[in-house]
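Q: Predicted model and sequence below, questions to follow.
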Amino acid sequence: AASGTVRAARLLPDGRLGVAGRRDFIGLSPRGWKVVAVDNEDASHPATFAIDGDPATWWNTRWGDDVKLPHAITVDMGRAHRIAGLVYLPRQDGQLGGTAENYRFDTSEDGVHWSAAIERGTFANIRNNPDSQQARFAPVSARYFRFTALDEVWRGGATNAAELSVIPADAE
């Protein structure tokens, strides 16, 4: 499934609609995706949490003076998709440490030959607005993507991602 909006409402006992909610989903569903490479992960926050569809869980690298950026995660989407952007959601528990500010985004059709869709991108103002971030690029066909955090907001050595996804080219 691609991007979309889900609307839900509570049905009250008398049949009226109660509290209504709405959630926008941007990016492809991660169903069938696999993390095929990650350079660093904390045992309690594995890389698979970055593509589990749950914003309450997140991938986090280990912390420590020996942990240095950059950190990369590579995902196999199971089949090729025509994509034109990425979505990055940092951890949503109020902690900013490890939130990517500058990044690189590469794509591949075979997992061997890579092209930079975004050589060096910046999530402007993510320190003050640590919510879902999008970056667009010229449409490409890719089965694999690699997100590399180059710098994080506090200039430490860790990285996190609650969710990583890609934007289908036909969602423009």
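A: Right, received. Where do you want to start?

Q: Report pLDDT for F25.
A: According to the prediction, F25 has pLDDT 56.

Q: what does the one 3 residues further on give?
A: Looking at L28, its pLDDT is 92.

Q: What is the burial count for the closest residue to G32 other than its chain neighbours?
A: Among residues not flanking G32 along the chain, G78 sits closest, at 4.2 Å (Cβ to Cβ, 6 or more residues apart in numbering). Bear in mind the C-beta positions are built from the backbone N, C-alpha and C, glycine included. Per other Cβ atoms under 10 Å, the neighbour tally for G78 reads 13.

Q: For G78, list the residues it contacts.
A: G32, W33, K34, R143 (Cβ atoms under 8 Å, 6 or more residues apart in numbering).

Q: Quick check: buried residues in whichever strand or helix holds it?
A: Element membership for G78 (DSSP states H and E) is strand 71-89. Neighbour-count burial for strand 71-89, counted by 16 or more other Cβ atoms under 10 Å, picks out 71-77, 81, 83-89.

Q: Which stretches in the protein count as strands?
A: Taking DSSP state E, the strands of the chain run over residues 4-11, 17-25, 34-38, 59-60, 71-89, 100-108, 115-122, 133-152, 160-161, 163-168.

Q: Can I get those in JSON lines including distance to F49?
A: Listed next are those as JSON lines, based on distance: least, Cβ to Cβ, whole Å:
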{"stretch": "strand 4-11", "distance to F49": "21"}
{"stretch": "strand 17-25", "distance to F49": "18"}
{"stretch": "strand 34-38", "distance to F49": "9"}
{"stretch": "strand 59-60", "distance to F49": "5"}
{"stretch": "strand 71-89", "distance to F49": "10"}
{"stretch": "strand 100-108", "distance to F49": "15"}
{"stretch": "strand 115-122", "distance to F49": "22"}
{"stretch": "strand 133-152", "distance to F49": "14"}
{"stretch": "strand 160-161", "distance to F49": "8"}
{"stretch": "strand 163-168", "distance to F49": "9"}
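
Q: out of the ones you listed, nearest to H45?
A: strand 59-60 (3.7 Å; Cβ to Cβ).
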